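In: Have a look at this prediction, sequence included:
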Amino acid sequence: MAQENRFDYIVIGAGSAGCVLANRLTEDKNVSVLLLETGGSDKSIFIQMPTALSIPMNTKKYNWQFESEPEPYLNDRRMHCPRGKVLGGSSSINGMVYVRGHARDFDEWQSHGAIGWDYAHCLPYFKKAETWAFGADAYRGDKGPLAVNNGNNMQNPLYRAFIDAGEQAGYLRTEDYNGRQQEGFGPMHMTVKKGVRWSTSNAYLKPALSRPNLTVITHALVEKILLEEKKAVGVQYERNGQSERCWVDKEVILSAGPIGSPHLLQLSGIGSKPVLEKAGIELKHELPGVGENLQDHLEFYFQFKCKKPVTLNGKLDPWNKFLIGARWFFLKEGLGATNHFESCGFIRSKKGVEWPDLQYHFLPAAMNYDGSTAFSGHGFQVHIGHNKPRSRGSVAVQSADPKQSPKISFNYLQHEVDREGFRDCVRLTREIINQPAFDEYRDGEIQPGEHVKTDDQIDEFIRSNVESAYHPSCSCKMGADDMAVVDTNTRVHGISQLRVVDSSIFPTITNGNLNAPTIMLAERAADLIKGKQVLELIDADVGIDSGWQTKQRTNEFNKTHGE
C-alpha cells in the first residue's frame, strides 16, 4: 500500500481513460494507485443533467478552454477546443454520444503499426466496457460499467423522418451502427443511465472510491514527470500554491488527453529538440513525434425552418426550461434526460470509399451547439462532418511554465481531400433533407442558404462557419516508426515506467465521436499494464457494401441520379 507519497501507479488525469484505469488497476487489492486531477467535483446539476450539456462545455471551472492558433484555411479564425477539467474529464462535459467508430478504423490502426489493435482485438473490450440497453449479442455487451441507450427512444417525429429520408435517398438503414453495420441511418446511442449523464466518473471512478488502495487528489496541477536518466520515478504537482512530489514504484501513466499529454511530456523534457529549445526546456529524451499528428473532426449545421410546432425551439422560454428542469430533478425523465441527438447517419462521400467517412447527428431544433443563440421560429438541423481528415496539426509547449497553454495548430482543411469532403456534405445533405419524408415539416433552408451551390460558394461558407466537433486526438501516436511516441503496449519509447493511455495515442482518428474508443483503449491498456492475458479476440463479421468501389450508395436511387 502507499507509504510516504509512494504508490505503485500514478495516473495523471481523471478523465475518460484515467477513471477507467483507476478502477481496473485497483481491482488488485495489493496495488496502490494515485489519481491526480486538476479539476474538482462533478456533482453539478449542469453536468449530471444530459440536456444541460452546453453549460459545462462553456464553463471555465470545468473546461480548460483551449483555443487554436489562427487557422490559415479557416479565414484565420481561432477555434474553440474544450477539454474537461473535472472528475470524468471530457466525458463530464461532452455530448454523451456513443460511437465506437467503424471496424475498419481499427484495422487501419494496425496498418499504421499499432499491431494488436485491429478490430478483432478491440471488439472484446468494447463489449467489456458497456451495458447495452437492448442486451448482449456478438457485438454488444451487457455487463460493463458504461450504460448505453437511445435516450427517450425518438419520441419526436422528426427523428424518424430523418431516418426515413436517408432510406428514401438510397442509403441503408442500420438498427445498430455500433454492431455489424455502421453504414446507414438509424437511432443514435448515448451514455445516459436512468436519466443521468453516465460519465467515466459515474461509471468507473465512483464505484472504486471506497477502495483503500485508491487515492484521488483533485485541484492538482501536474507540472512535470520526474525522471532519473531514462526512467520515470514520480510526479511533481502544484496544489494550494504549494509544490508537491510523489513517487512511483511501478509506472506513471499519463491520461491527460490529446492536448494535456503531449504538453506534459514536453514540460518534462520529452519531445522534439527544436520545440523544447524554443520553449527554454532542457531536453531529457528526444521523441520528435510528441505533439505531432494532431487530428480532429469538423462539422457544420444544416438548418431548416419547420412547418409544424414540434421542435425544441418552442421549449426555450424560461417557463418551459423550468418545467423541463423540475421534471428531471424530481423524476430524472423527460426532455432533461436526453442529449437530443437521437437519430443519426453514417454514409460514404463517394464511390471508392470503403467505409463511411461522413457522419450525421440530427437535432429537432435550430440553435448553436453551445446554446448561445437559436432560430426565432421552429426549426431543425443536422450536424454533418467529414470524419477521415488528411490534414495534420500539432501541440507545442511554449514555455516551462505549466500554467501557460500550449500552442495548438490543427491546420484544418489544409488538404484538398478534406475540402472535397465538405462539398460532398453540403450537396448530399441537401438531397437527403429534400426527400418526401420531410415534406410535411420542411419549410425552407436557413443555413447555408439555397444560394450556396458552387464549389467556391460552399468553400467560403465552410471556411466561415465550420466548427470543431471537439474530437482532438492522435498527438502521441502509437506505433514503431520514427514519429511514434508509444509502443503497442502504450509504453513511451525510450523511457521506462512511463505510459500514455488516452486518445492522444490513436494512430488515426476514428469515424465518430471519440469517447467510446477512448474507454475501450483504456480497458485494454489496463490488462496490458497488469500483465494480464488480454481478452480473446473476436473475429466478427463486418458490414461493408459490396458495391463500394462502383457506387456511393446502395439501392437503385443511384441509377436515377447518374452515378
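Out: Arrived safely, thanks for sending. Please read all numbers here as calculations on a predicted model, not as lab measurements. Numbering: from 1, shown residues only.

In: Please count neighbours and contacts with C-alpha atoms only from this point.
Out: Noted.

In: where's Gln242 relative to Lys308, distance?
Out: 59 Å (Cα to Cα, to the nearest Å).

In: If you could redo that for Leu335, that was the one I meant.
Out: The spacing between Leu335 and Lys308, counted by Cα to Cα, is 19 Å.

In: more neighbours, the two?
Out: Taking other Cα atoms under 10 Å, Leu335 and Lys308 do not tie; Leu335 has more neighbours (22 against 12).

In: Contact partners for the more buried one?
Out: 51, 152, 324, 328 (Cα atoms under 8 Å, 6 or more residues apart in numbering).

In: Provide the secondary structure category for it.
Out: State at Leu335, reduced to three classes by DSSP: H, G, I helix; E, B strand; the rest coil: helix.

In: Which one (most neighbours) among the contacts of Leu335?
Out: For the contacts of Leu335, the largest number of neighbours (other Cα under 10 Å) sits with Thr51, at 23 neighbours.

In: my read: that residue touches Glu333, true?
Out: No. Counting by Cα atoms under 8 Å, Thr51 does not reach Glu333; the two are 10.7 Å apart.

In: Secondary structure element holding the residue nearest to Asp527 when sequence neighbours are not counted?
Out: Nearest in space to Asp527, with sequence neighbours left out and distances taken as Cα to Cα, 6 or more residues apart in numbering, is Val534 at 6.0 Å. Of the helices and strands defined by DSSP states H and E, none includes Val534.

In: Distance check, Val534 against Ala136.
Out: For Val534, the distance to Ala136 - Cα to Cα - is 20 Å.

In: likewise Glu420?
Out: Distance from Glu420 to Ala136, by Cα to Cα: 39 Å.

In: With Ala161 instead?
Out: The gap separating Ala161 from Ala136 is 28 Å, by Cα to Cα.

In: Which one's more surrounded, those two?
Out: More crowded of Ala161 and Ala136, by other Cα under 10 Å: Ala161, with 20 against 14.

In: Am I right that that one is in a helix?
Out: Yes. Under three-state DSSP, Ala161 sits within a helix.

In: residues touching the nearest residue to it once chain neighbours are set aside, list them.
Out: The shortest distance from Ala161 to any non-neighbouring residue, by Cα to Cα, 6+ apart, is to Ala437 (5.3 Å). Going by Cα under 8 Å, 6+ apart, Ala437 touches 161-162, 164-165, 168.

In: make it 10 Å
Out: Ala437 is in contact with 158, 160-168, counting by Cα atoms under 10 Å, 6 or more residues apart in numbering.

In: Do you know the pLDDT at it?
Out: Looking at Ala437, its pLDDT stands at 98.

In: Surely it forms part of a strand?
Out: No. Per three-state DSSP, Ala437 lies outside any strand segment and is helix.

In: Just want to check the distance between it and Asn152.
Out: Counting by Cα to Cα, the gap from Ala437 to Asn152 is 21 Å.

In: how near is the closest residue to Ser468 other than its chain neighbours to Gly269?
Out: Using Cα to Cα, 6+ apart and skipping residues adjacent in sequence, the residue nearest Ser468 is Leu298, 4.5 Å away. Distance, Leu298 to Gly269, using Cα to Cα: 32 Å.

In: Likewise for Gln414?
Out: For Gln414, the distance to Gly269 equals 30 Å [Cα to Cα].

In: higher neighbour count, the two?
Out: Higher neighbour count among Gln414 and Gly269: Gly269, with 24 against 18, using other Cα under 10 Å.

In: Make sure the more buried one is actually in contact with Ile225.
Out: Yes. Counting by Cα atoms under 10 Å, Gly269 touches Ile225, with 8.9 Å between them.

In: ranges for the helices of the stretch 401-550 of the chain?
Out: Applying DSSP state H, counting those that start in this stretch to the stretch 401-550 of the chain gives helices spanning 416-433, 455-465, 515-530.

In: just for the stretch 101-250 of the chain, where's the confidence low?
Out: Nowhere does the stretch 101-250 of the chain drop to pLDDT under 70.

In: Next: the chain.
Out: Within the chain, the stretches falling below the threshold (pLDDT under 70) are 1-3, 369-373, 555-563.
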